[in-house]
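> okay, structure incoming, though there's no sequence with it:
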């Protein structure tokens, strides 16, 4: 098991290098001059050239990429173009807790609502509860995150005054952003859980357990739920990745001071080091989440645990 975990962590190195290369090339091909953004429209051509030379932007793109990559693996994320030359790592360290809090709260909302909803919808198949829950899930899957966020602001902040409209001033500030991000993930996970449970409930061993006289509730708790967890865990990992991706949009809507909003601001100001630093953090989060999902497979299914132990 530990060899497998170490191998997956080593695989992070080429993944991060590839992501940085793609983002690096896209940022350099995009229109806009970071020197002009940093110094303003009044800057002279000599000042712009001197700034580019100081930041190393006059070097070939691949040379800049190699220099940045070596710096990353030394723990040096560079300095920001647009934030008074502040270290990128310090900005990321200050913003990451806010993004982590938002993602964790959204995931808790997703798990608390999605799993019971999917299980009950499968147990009460073709009932009114099943129909209503799947209709709500369909709305959640179809609704854009930013639109739901604006509706929540209109309803619960402007009209009712229950929650703040923006910022991270109190514990109540995270409620609306977390619900906005978590609702869509909840809908997708609930539908997956329902489908997986329906498939398991129709298996022969469930019928055998019922024929032995075991109570239906115990059959569901002891046999059906555990055996339906593999697809649910898979979609859970994907949805956690979606939560992080959705934070880029929802943090902007709610002015949440996380890495997603920081990356949007860095893209608009052509702040290459800041954009690349944000992408490195997101890549690490995605990779670690996928690793945790694989380990969860091993915990749920002994057959997968045996395969990991041989690697």
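Perfect, thanks for sending it. Only a predicted model underlies this, so the values are computations on that prediction, with no experimental measurement involved. Numbering: from 1, shown residues only.

> and the helices in the stretch 151-300 of the chain?
Listed in chain order, the helices of the stretch 151-300 of the chain (DSSP state H, counting those that start in this stretch) span 175-201, 204-211, 216-219, 225-227, 229-253, 259-268, 272-300.

> buried residues, the last one. List them.
What it means is helix 272-300. 272-283, 285-287, 289, 291, 293-298, 300 (16 or more other C-beta atoms under 10 Å). Any C-beta I mention is one placed from the backbone N, CA and C, and that applies to glycine too.

> ok, now the fifth one?
Within helix 229-253, the residues scored as buried using 16+ other C-beta under 10 Å are 229, 231-233, 235-244, 246-253.

> go on, the fourth one?
Of all the residues in helix 225-227, those buried under the rule 16+ other C-beta under 10 Å are 225, 227.

> what is it packed up against?
Packed against helix 225-227 by the contact rule (3 or more C-beta pairs under 8 Å, 6 or more residues apart in numbering; DSSP states H and E) you find no helix or strand.

> got TSV for the helices of the stretch 151-300 of the chain, with distance to residue 113 too?
Converted to TSV, these look like this (distance: least, C-beta to C-beta, whole Å):
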stretch	distance to residue 113
helix 175-201	5
helix 204-211	25
helix 216-219	21
helix 225-227	16
helix 229-253	12
helix 259-268	23
helix 272-300	19
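
> and of those helices, who's closest to residue 68?
Of all those, helix 272-300 sits nearest to residue 68, with 6.6 Å by C-beta to C-beta.

> give me the mean pLDDT for the closest one.
For helix 272-300, mean pLDDT rounds to 79.

> give me the angle between that helix and helix 259-268.
150 degrees (axes from the mean of the first three to the mean of the last three C-alpha atoms, to 10 degrees).

> packing partners for helix 272-300?
Against helix 272-300 (3+ C-beta pairs under 8 Å, 6+ apart) you get helix 2-29, helix 61-73, helix 88-123, helix 229-253, helix 259-268, helix 302-309.

> least confident of the ones you listed, on average?
Looking at the helices and strands packed on helix 272-300, the bottom one is helix 302-309 with a mean of 59.

> now do the buried residues in stretch 97-114.
Within stretch 97-114, judged by 16+ other C-beta under 10 Å, the buried ones are 98-99, 101-103, 105-107, 109-111, 113-114.

> could you do stretch 181-195 as well?
Those would be 181-195, for stretch 181-195 by 16+ other C-beta under 10 Å.

> closest one of the residues you listed to residue 137?
So of these, ranked by how close each gets to residue 137 (C-beta to C-beta), first place is residue 187, at 4.1 Å.

> now do the same contact list for the residue sitting nearest the centre point of the chain.
For the chain, residue 244 is the residue whose C-alpha lies nearest the centre (C-alpha atoms, centre = their mean; 2.0 Å). Listed by C-beta atoms under 8 Å, 6 or more residues apart in numbering, the contact set of residue 244 reads 99, 103, 282, 285-286.

> which one of the helices of the stretch 151-300 of the chain lies closest to residue 33?
Nearest to residue 33, of all the helices of the stretch 151-300 of the chain, is helix 272-300, at 11.6 Å by C-beta to C-beta.

> quick one: distance of that closest one to the chain centre.
9 Å (C-alpha atoms, centre = their mean, to the nearest Å).

> same check on stretch 201-210?
In terms of C-alpha atoms, centre = their mean, the centre of stretch 201-210 is set 37 Å apart from its chain centre.

> before we move on, back to that, could you say which one of the helices and strands packed on helix 272-300 comes nearest to residue 156?
helix 229-253 (13.7 Å).
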